[in-house]
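Novice: Fold the stuff below for me.
(4 chains)
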Protein chains: 2
Amino acid sequence: MTATQTPAPEADWLRLDRQICFSLHAASRAFNSVYRVILKDLGLTYPQYLVMLVLWEQGDLPVKKLGEHLRLDSGTLSPLVKRLEGAGLVRRERSAHDERSVQVRLTGEGAALRERALQVPRRIMAATGFELTEIGELRERLDRLTAALDTAALEEAPEHH
Amino acid sequence: MTATQTPAPEADWLRLDRQICFSLHAASRAFNSVYRVILKDLGLTYPQYLVMLVLWEQGDLPVKKLGEHLRLDSGTLSPLVKRLEGAGLVRRERSAHDERSVQVRLTGEGAALRERALQVPRRIMAATGFELTEIGELRERLDRLTAALDTAALEEAPEHH
DNA sequence: CACGATTAAGTTGTGCACAACTCAATGGCT
DNA sequence: AGCCATTGAGTTGTGCACAACTTAATCGTG
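Specialist: Presented below is the predicted three-dimensional model:
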């Protein structure tokens, strides 16, 4: 192309980029898809399951805290939590001492669902066919990637604080 | 952790599941977010960029083939390609010898955009801070994961053709 | 106390993913 | 040829992600 000799160095990078983009994108969707099937029994979507996992682990939380745990903003969480409320799994109550804040509380039904959810991880593990250690390594890499991307995102968008 | 006595084995699995789910989910979104910023210059979304990468690499393709490369169905691709057409990057033409099929063709503008896209991968690499080899390893694991999940998905949904 | 800035939640609008569906073109089979 | 199953694209409806915005409560500082 434009280069002197070099066959097409930048073009190779594009090709590589396609492969990386695609791998992560596809893995995310494949994971999502397996969860979708398994979670259908519980009547939950994958993001709803994530919210429930946090609530089961941390107890009742305001929407803000939920968002911090999941890195999601109110634009995503508000309608999602509303659907969970519609399903009878949580209630939403404005906090007494701060009327801006809304507490998300597990209902009895929501808490009980945890028992049925206990079987989910085993089924997912079986679906991946991965060993525990391998999953751990993958997770470590992904977390490092996310951390790196997060700092990079801040630098790209020059709105410093 | 869950040694000989195993205090609450299933609950630990739930906790682990939350970590894995979350890692992949978060990594995918973080990646998406960095691409969003970088691709804004090109006027492309992340999935639109994936489509363009395939077209630049493979040349004009029918929607069906595009979908096979990207594992996306017409429900996702039809409106996406229509938006690319609206942006003047591709044209859609019904195939002459099979009126069902629609060829997606790069316009001059669409082909030209590739030149500007050549800088994207370098910026992404810089954002991740990963070495090439490390990215390769990550990609290998993700692809294996996706493959395992895909077969598992078929077994879960017992619709054997 | 007052007033401007900040904060939490929610709303609106756009785009993606996917299931379930429609519709027209094609191909196979008798 | 005639009929029907299959195929490719598109549509509809639901839910998620996120940017940009609104609204109301709270906080900080003079």
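
Novice: going forward, measure contacts between C-alpha atoms and count neighbours the same way
Specialist: OK.

Novice: The helix or strand hosting residue A:81 near DNA strand C anywhere?
Specialist: If you go by DSSP states H and E, residue A:81 is part of helix A:74-86. Yes. Residues of helix A:74-86 are located near DNA strand C by C-alpha under 7 Å from any atom of the strand, namely A:74, A:75, A:76, A:77, A:78, A:79.

Novice: check contacts around the third one.
Specialist: With contacts taken as C-alpha atoms under 8 Å, 6 or more residues apart in numbering or on different chains, residue A:76 has no neighbouring residues.

Novice: can you tell me how far it sits from chain B?
Specialist: 13 Å (C-alpha to the nearest C-alpha, to the nearest Å).

Novice: cool, the fourth one as well?
Specialist: Going from residue A:77 to chain B by C-alpha to the nearest C-alpha gives 15 Å.

Novice: dump the residue contacts of that residue.
Specialist: Residue A:77 sits next to A:63, A:67 when contact means C-alpha under 8 Å, 6+ apart.

Novice: Go again with 10 Å.
Specialist: When contacts are counted by C-alpha atoms under 10 Å, 6 or more residues apart in numbering or on different chains, residue A:77 is found next to A:47, A:48, A:51, A:63, A:64, A:66, A:67, A:70, A:83.

Novice: do the same with the first one
Specialist: By C-alpha under 10 Å, 6+ apart, the residues touching residue A:74 are A:63, A:64, A:66, A:67, A:80, A:81.

Novice: Pull up the residues of chain A that are close to DNA strand C.
Specialist: Within reach of DNA strand C by C-alpha under 7 Å from any atom of the strand, chain A has these residues: A:25, A:29-30, A:32-33, A:62-65, A:74-79, A:92, A:100-103.

Novice: Just the C-alphas of the helix holding residue A:81, formatted as PDB.
Specialist: Only the C-alpha atoms of helix A:74-86 are listed here, as PDB (Å, rounded to 0.1, in the frame of the first residue of the first chain):
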ATOM      1  CA  SER A  74     -29.200   4.500  37.300                       C
ATOM      2  CA  GLY A  75     -30.200   4.600  33.700                       C
ATOM      3  CA  THR A  76     -29.600   0.900  33.500                       C
ATOM      4  CA  LEU A  77     -30.500  -0.100  37.100                       C
ATOM      5  CA  SER A  78     -33.800   1.900  37.600                       C
ATOM      6  CA  PRO A  79     -35.800   0.000  35.000                       C
ATOM      7  CA  LEU A  80     -34.100  -3.300  35.800                       C
ATOM      8  CA  VAL A  81     -34.800  -3.100  39.500                       C
ATOM      9  CA  LYS A  82     -38.400  -2.000  38.600                       C
ATOM     10  CA  ARG A  83     -38.800  -5.300  36.700                       C
ATOM     11  CA  LEU A  84     -37.400  -7.300  39.700                       C
ATOM     12  CA  GLU A  85     -40.000  -5.500  41.800                       C
ATOM     13  CA  GLY A  86     -42.700  -6.400  39.300                       C
END
